[in-house]
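> The following comprises the amino acid sequence and a computationally predicted model.
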Amino acid sequence: MNTELMATGASGVAWTIVYFALVYRGIKDKSYGMPLVPLALNFAWEAVFSLIYPPAATGLAGTIINAIWMVCDIGIIYTYFRYGYKYFRQYYGMSKSQWISYSIFAFVLALGIMLTGGPFLGQFVPYFRGDIFQGAIFIAYIQNLVISICFLLMIWQRRSSEGQSLTIGVFKCIGTGLTVGIYYLFDLHKGKADLMNIIIGATFLLDLIYVGTLYKQLEHEGKNAWTRF
């Protein structure tokens, strides 16, 4: 088994746990745990890069992982549309029709970005080797940074652990920074991808801050952080 496939497999397991925890926690708390922007980007990425531009390097295994994530995302999307409006009404004063319109726009825009972003980046041969999926990987790391920022903004805004758990934070950290992140930086690019060093490093740091912030919030609420899935 090659290094890339091992890293992808480990990341796949970790992120699948994150997705299951997001669905479970969302239904349990009558909330949602993945903010709109990263949710739209994630679903579009997984749909496009499993159905339209599947990964060549990891073959069927990589495609299956992306497809599993896409299916899990449908569950997260359900929690968003089932329980999400109350937050947009509370924080932004939106009507339900405005919320639905903006949400649909976000998903359509994300799909357009993924359909065009991979081919656009893949044409730059020196870095992406003319491979559309290498461009997709670059997009995915930027997405991960966006997710980390949005997770922190969400818990700071809500001042609540609704829809969130340490399972989500810890396994997100493992699924990116400690698996495919290490492979991408130190195996594939030998530590010479300066921009990605910053992006992956910042993502890992923000994930640690999120885990610490969430732990303190759960303590404040009198909830056991270690038994909360």
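Here it is on my side, so go on.

> worst-scoring helix or strand of the chain, pLDDT-wise?
helix 180-182 (a mean of 63; mean pLDDT, DSSP states H and E).

> What are the buried residues along the next helix or strand after that helix?
Later in the chain than helix 180-182, the nearest helix or strand by DSSP states H and E is helix 194-220. Residues 196-197, 199-200, 203-204, 206-207, 210-211, 213-214, 217-218 are the ones in helix 194-220 that count as buried (16 or more other CB atoms under 10 Å). For the C-beta atoms, the positions are set from N, CA and C on the backbone; glycine is no exception.

> For helix 194-220, name the packing helices and strands.
Where contact means 3 or more CB pairs under 8 Å, 6 or more residues apart in numbering; DSSP states H and E, helix 194-220 is packed against helix 132-158, helix 166-176, helix 180-182.

> Just send those back as CSV, with mean neighbour count and distance to residue 97 too.
Below are the helices and strands packed on helix 194-220 laid out as CSV (neighbours: other CB atoms under 10 Å; distance: least, CB to CB, whole Å):
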stretch, mean neighbour count, distance to residue 97
helix 132-158, 19, 23
helix 166-176, 22, 30
helix 180-182, 22, 40
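
> would you list the ones you listed in a markdown table and tack on distance to residue 16?
Formatted as a markdown table, these follow (distance: least, CB to CB, whole Å):
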| stretch | distance to residue 16 |
| --- | --- |
| helix 132-158 | 15 |
| helix 166-176 | 9 |
| helix 180-182 | 14 |
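
> so which of these comes closest to residue 75?
Residue 75 sits nearest to helix 166-176 of all the helices and strands packed on helix 194-220, at 13.5 Å, using CB to CB.

> low-scoring pLDDT stretches of the protein, where are they?
Along the chain, the model assigns pLDDT under 70 to residues 1-5, 57-59, 177-192.

> can you tell which of the helices and strands packed on helix 194-220 is closest to residue 100?
Short answer: helix 132-158, nearest of these by CB to CB, at 19.8 Å.

> by contact count, what packs against that closest one?
Using 3+ CB pairs under 8 Å, 6+ apart: helix 132-158 touches helix 36-47, helix 96-122, helix 125-128, helix 166-176, helix 194-220.

> And these: which comes nearest residue 142?
Per CB to CB, nearest to residue 142 of those: helix 194-220, 6.4 Å.

> Report the angle between the closest one and helix 166-176.
170 degrees (axes from the mean of the first three to the mean of the last three CA atoms, to 10 degrees).

> Could you tell me how far helix 194-220 lies from the centre of the chain?
13 Å (CA atoms, centre = their mean, to the nearest Å).
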